[in-house]
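Q: For reference, the sequence and a predicted model appear below.
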Amino acid sequence: MLTTFWVFPVRVLIRRFRQNSQSSNFQASENQPEKANLAWMLAGIVSSLYLIFLIGMVLALLLTDPLEFIYEVPTPVIILLSIPLIAAALTIALPIFSFLAWTNNYWSFLGRLHYSIFTLAALMFIPFLNYWNLLGFRF
């Protein structure tokens, strides 16, 4: 998740640097299809949501009084529990983009492999969240 979280912004910066260094006739659609850019954007959003959820839960558990959990679930935790639902819904599209990347040769071999490994990790994270009752509002 961390690698994809950092790869998307770096790709955007590299693309802008290349665009500025080449002539004004450059168009991004000539190098990569729009679906390839959308695939990385989706991966960046999914990884960001999962990382925000994990970091937020750790901070919520550390900063909240443990006695507060006896009577009710704190409001920040309820808000945080909605993030995995959104991320899981977006994760469903990742295998489609992974398939398109391999069939249309969107990126280099290592780029496609990285995207496929991230897709597999994101898909495997859903049952992990479900096992720990963190997918949805189960309290």
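A: Happy to help now that I have it. Residues are numbered from 1 along each chain as shown.
Q: Need the three-state assignment for residue 107.
A: Under the three-state scheme (DSSP: H, G, I helix; E, B strand; the rest coil), residue 107 adopts coil.
Q: isn't residue 137 right next to residue 83, touching?
A: No: using Cβ atoms under 8 Å, residue 137 and residue 83 do not qualify as a contacting pair, with a distance of 12.0 Å. The way it works is simple: take the backbone N, C-alpha and C, and place the C-beta from them, glycine included.
Q: Who are the packing partners of the helix or strand encompassing residue 116?
A: Assigned by DSSP states H and E, residue 116 falls within helix 109-131. Identification of packing neighbours for helix 109-131 by 3 or more Cβ pairs under 8 Å, 6 or more residues apart in numbering; DSSP states H and E yields helix 2-21, helix 34-63, helix 83-91, helix 94-104.
Q: So which bits of that helix are buried?
A: Buried residues in helix 109-131, counted by 16 or more other Cβ atoms under 10 Å: 111, 112, 114, 115, 116, 118, 119, 121, 122, 125, 126, 129.
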